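Trainee: Structure for the following, please:
(chains A and B)
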Amino acid sequence: SQQGEEDPQALSIQEGENATMNCSYKTSINNLQWYRQNSGRGLVHLILIRSNEREKHSGRLRVTLDTSKKSSSLLITASRAADTASYFCAPSSGSARQLTFGSGTQLTVLP
Amino acid sequence: DVKVTQSSRYLVKRTGEKVFLECVQDMDHENMFWYRQDPGLGLRLIYFSYDVKMKEKGDIPEGYSVSREKKERFSLILESASTNQTSMYLCASSRAGGADTQYFGPGTRLTVL
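Mentor: Below you'll find the predicted structure:
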C-alpha cells in the first residue's frame, strides 16, 4: 500500500470560512479515501473517490482528484467549531487490503 | 451501522506484563487491522488479518502478536510490555477485497509504566 502526504500539517481558520487541505501520493491509485479523527477518538470515514472520478460531494465536503498530478484536495465549506479534528487521506492501489495513513492535517476552527 | 468496539478506553500496565487488547466488530467483516498512533508519526499498521486464523505483518510488528480465532474478534497481544509501547491503539475492520472503507473503534490509550 502507499502512503498519502497531507498538507498543510496544521490549519487554523475562523468559523464560517472554508478549509482546504491537500494530499499527494506517488503511484497510480484505484481510489483515495479521506478520514476525520476527533481528538482521542478513532477515525471516521468521510468520503471515497475512485480514480475515474474528478470530484465528489458529501454535504459540506468537496473532494477533488487530479490523477495527472497525483493529488487530491478536501474542501470543507462554511466550517464549524465541530469540524476541529485531524484529517487523513489514504490512497489505495493494486489489490492491497490495507491502507497506509500519513500524519494528517490538524484543522482548528475558531469560534 | 458498523460497530467496532475495543475492550478498554484506557489501560495502565507495568513493564514486563502481558497485555491483551481486544477488538470486536459486528458487521461480518473479513478484514481486521491493528494500528498504533503516536504524535508526529501518524497511524502505523502493526498487524492485519483477512480471515480467521490468518494474519499478516504490518509495518511495525516487532514486540506484538495477534490472534483471530473467530471472525468478529481480533486480539493484539503484547507479550512483555515495554515503556516504548505506550501509545494509542486503534482497531479497524473492512469488507473483503481491495482497500475498502475501514471502520474504526474508539481506541485504547495504553500506558506502560
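Trainee: contacts and neighbour counts: CA atoms only from here.
Mentor: Will do.
Trainee: Near residue 31, how many other residues are there?
Mentor: Just so you know, I chose chain A. Residues lying near residue A:31 (other Cα atoms under 10 Å in any protein chain shown) number 20.
Trainee: I was after chain B.
Mentor: If you count neighbours by other Cα under 10 Å, residue B:31 ends up with 27.
Trainee: list the contacts for it?
Mentor: Going by Cα atoms under 8 Å, 6 or more residues apart in numbering or on different chains, residue B:31 touches A:97, B:48-51, B:93-96.
Trainee: Bridge partners for it, pull those for me.
Mentor: Bridge pairing for residue B:31 (DSSP bridges) gives the partners residue B:94.
Trainee: From residue B:91, how far out is it?
Mentor: As judged by Cα to Cα, to the nearest Å, residue B:31 and residue B:91 stand 11 Å apart.
Trainee: what touches both of the two?
Mentor: When contacts are counted by Cα under 8 Å, 6+ apart, the set common to residue B:31 and residue B:91 is empty.
Trainee: ok, and the closest non-adjacent residue to the residue in chain B positioned nearest to chain A?
Mentor: Using Cα to the nearest Cα, the single residue of chain B nearest to chain A is residue B:42, 3.9 Å away. Nearest residue to residue B:42, sequence neighbours excluded (Cα to Cα, 6 or more residues apart in numbering or on different chains): residue A:103, at 3.9 Å.
Trainee: now residue B:9
Mentor: Per Cα to Cα, 6+ apart, closest to residue B:9 is residue B:108, 4.4 Å.
Trainee: How about the contacts made by residue 111?
Mentor: Just so you know, I chose chain A. Residues near residue A:111 by Cα under 8 Å, 6+ apart: A:14-15, A:80-81.
Trainee: Wait, chain B was what I had in mind.
Mentor: So residue B:111 contacts B:10-13, B:83, B:85-87 (Cα under 8 Å, 6+ apart).
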